[in-house]
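Q: When you get a sec, could you give me coordinates for this:
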Amino acid sequence: MIIEMILSGFLFLFILALNIIMGALGYLMEKDDYDSEADLQKINKNPKNFQISIGLALIEHGSVITLTILLFIAFSSYNLMLGIVWLIFRMGEGLIQFINEPNYWGLLKIARQYSLTSDAEKNSLADLAGTIFKTKDYRFKFAMICWSIGTLAFSIALVTSEVVPAIIGWIGIVASILIGFSDGIKLAKPNIKVPPIGALFALLFEVIIGGWLLFSSII
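A: I've put the predicted structure just below:
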């Protein structure tokens, strides 16, 4: 169990680091404002960075699934039912993210074509890219609802088992409720701007639980 906890702590922090690097290279998990023409120009300007970012995204999605399995092994004995909920929904999150990537990779070809075509064709390519961005964004919101349900189950197990300080579990509960609520609103009302409070709580939870699992197990 100690090994699973150390690896889980590392993966929590590793996934966060991957998300930061991916974003810096041009990969965005979620996009509120769409400017397909500007986005295609950015991709065509640095196609290598965009390719690397998608490669890192694939590693990130695989890491989410690996983390889910490790935490199920380490904590399911405290509450098997909650562990199964965690396993189903967090693995679902990772698999939904994988589904996005073939179309997202296709933006590289669209960006190359966009830089070489006439204005009439540019509009068509920009519309196609916009569809890809919006589809990815739509699926990401569903993935985050899966994150919310899975993390809520995991956090309740943390609070009730007292295997970690209870405050960590309560932060996870708050984060999961806020994420589920905000992404539910975004799906129902796409034009509504929702403050990123849930994302901040989710970040806080994953930094704390990752650090605790990694360092408390070592110390």
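Q: List the contacts of the least confident helix or strand in the chain by mean pLDDT.
A: Every helix and strand of the chain was ranked by mean pLDDT, DSSP states H and E. The lowest is helix 36-45, at a mean of 84. Residues from elsewhere that reach helix 36-45 (Cβ atoms under 8 Å, 6 or more residues apart in numbering): 26, 50, 107-108, 110-112, 114-115, 122, 125-127, 129-130, 133. Backbone N, C-alpha and C define where each C-beta goes, glycine included.
Q: Which PyMOL command selects the buried ones in these?
A: Buried members of the contacts of helix 36-45, defined by 16 or more other Cβ atoms under 10 Å, are picked up in PyMOL with:
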select buried, resi 26+50+107+108+110+111+114+122+125+126+129+130+133
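Q: In helices only, show me the contacts of helix 36-45.
A: Counted as lying in helices by DSSP state H, out of those, are 50, 107-108, 110-112, 114-115, 122, 125-127, 129-130, 133.
Q: that older thread, give me the angle between the least confident helix or strand of the chain and helix 107-116.
A: 100 degrees (axes from the mean of the first three to the mean of the last three Cα atoms, to 10 degrees).
Q: and Ile99, what helix or strand is that in?
A: helix 80-105 (DSSP states H and E).
Q: Against which helices or strands is that helix packed?
A: If you count contacts as 3 or more Cβ pairs under 8 Å, 6 or more residues apart in numbering; DSSP states H and E, helix 80-105 packs onto helix 47-75, helix 119-161.
Q: low-scoring pLDDT stretches of this protein, where are they?
A: Counting by pLDDT under 70, the chain contains low-confidence residues at 31-34, 217-219.
Q: what about the residue of it positioned farthest from its centre, distance to Arg112?
A: The outermost residue of the chain relative to its centre, with distances by Cα atoms, centre = their mean, is Ser118 at 36.4 Å. Per Cβ to Cβ, to the nearest Å, Ser118 is found 15 Å from Arg112.
Q: Check Ile177 too.
A: When Ile177 is compared with Arg112 (using Cβ to Cβ), they lie 43 Å apart.
Q: so what's the residue nearest to Gly184 when sequence neighbours are not counted up against?
A: Spatially, and ignoring its direct neighbours in sequence, Gly184 is nearest to Ile145 (6.7 Å; Cβ to Cβ, 6 or more residues apart in numbering). Listed by Cβ under 8 Å, 6+ apart, the contact partners of Ile145 are Ile179, Gly180, Asp183, Gly184, Leu187.
Q: What is the helix or strand that contains the third one packed up against?
A: Yep, that's Asp183 we're talking about. Here Asp183 sits within helix 166-188, counting by DSSP H and E. Judged by 3+ Cβ pairs under 8 Å, 6+ apart, the packing partners of helix 166-188 are helix 119-161, helix 197-218.
Q: CA-only coordinates of it, as PDB, when you get a sec.
A: The C-alpha trace of helix 166-188 is given here as PDB (Å, rounded to 0.1, in the frame of the first residue of the first chain):
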ATOM      1  CA  ALA A 166     -10.000  15.100   7.300                       C
ATOM      2  CA  ILE A 167      -9.500  18.600   5.900                       C
ATOM      3  CA  ILE A 168      -8.000  17.200   2.700                       C
ATOM      4  CA  GLY A 169     -11.100  15.100   2.100                       C
ATOM      5  CA  TRP A 170     -13.400  18.100   2.800                       C
ATOM      6  CA  ILE A 171     -11.400  20.300   0.300                       C
ATOM      7  CA  GLY A 172     -12.000  17.500  -2.200                       C
ATOM      8  CA  ILE A 173     -15.700  17.400  -1.500                       C
ATOM      9  CA  VAL A 174     -16.000  21.200  -2.000                       C
ATOM     10  CA  ALA A 175     -13.900  21.000  -5.200                       C
ATOM     11  CA  SER A 176     -15.900  18.200  -6.700                       C
ATOM     12  CA  ILE A 177     -19.300  19.900  -5.900                       C
ATOM     13  CA  LEU A 178     -18.100  23.200  -7.400                       C
ATOM     14  CA  ILE A 179     -16.700  21.600 -10.500                       C
ATOM     15  CA  GLY A 180     -19.800  19.500 -11.100                       C
ATOM     16  CA  PHE A 181     -22.100  22.500 -10.600                       C
ATOM     17  CA  SER A 182     -20.000  24.900 -12.800                       C
ATOM     18  CA  ASP A 183     -19.600  22.400 -15.700                       C
ATOM     19  CA  GLY A 184     -23.200  21.500 -15.500                       C
ATOM     20  CA  ILE A 185     -24.100  25.100 -15.900                       C
ATOM     21  CA  LYS A 186     -21.700  25.500 -18.800                       C
ATOM     22  CA  LEU A 187     -23.200  22.600 -20.600                       C
ATOM     23  CA  ALA A 188     -26.800  23.900 -20.100                       C
END
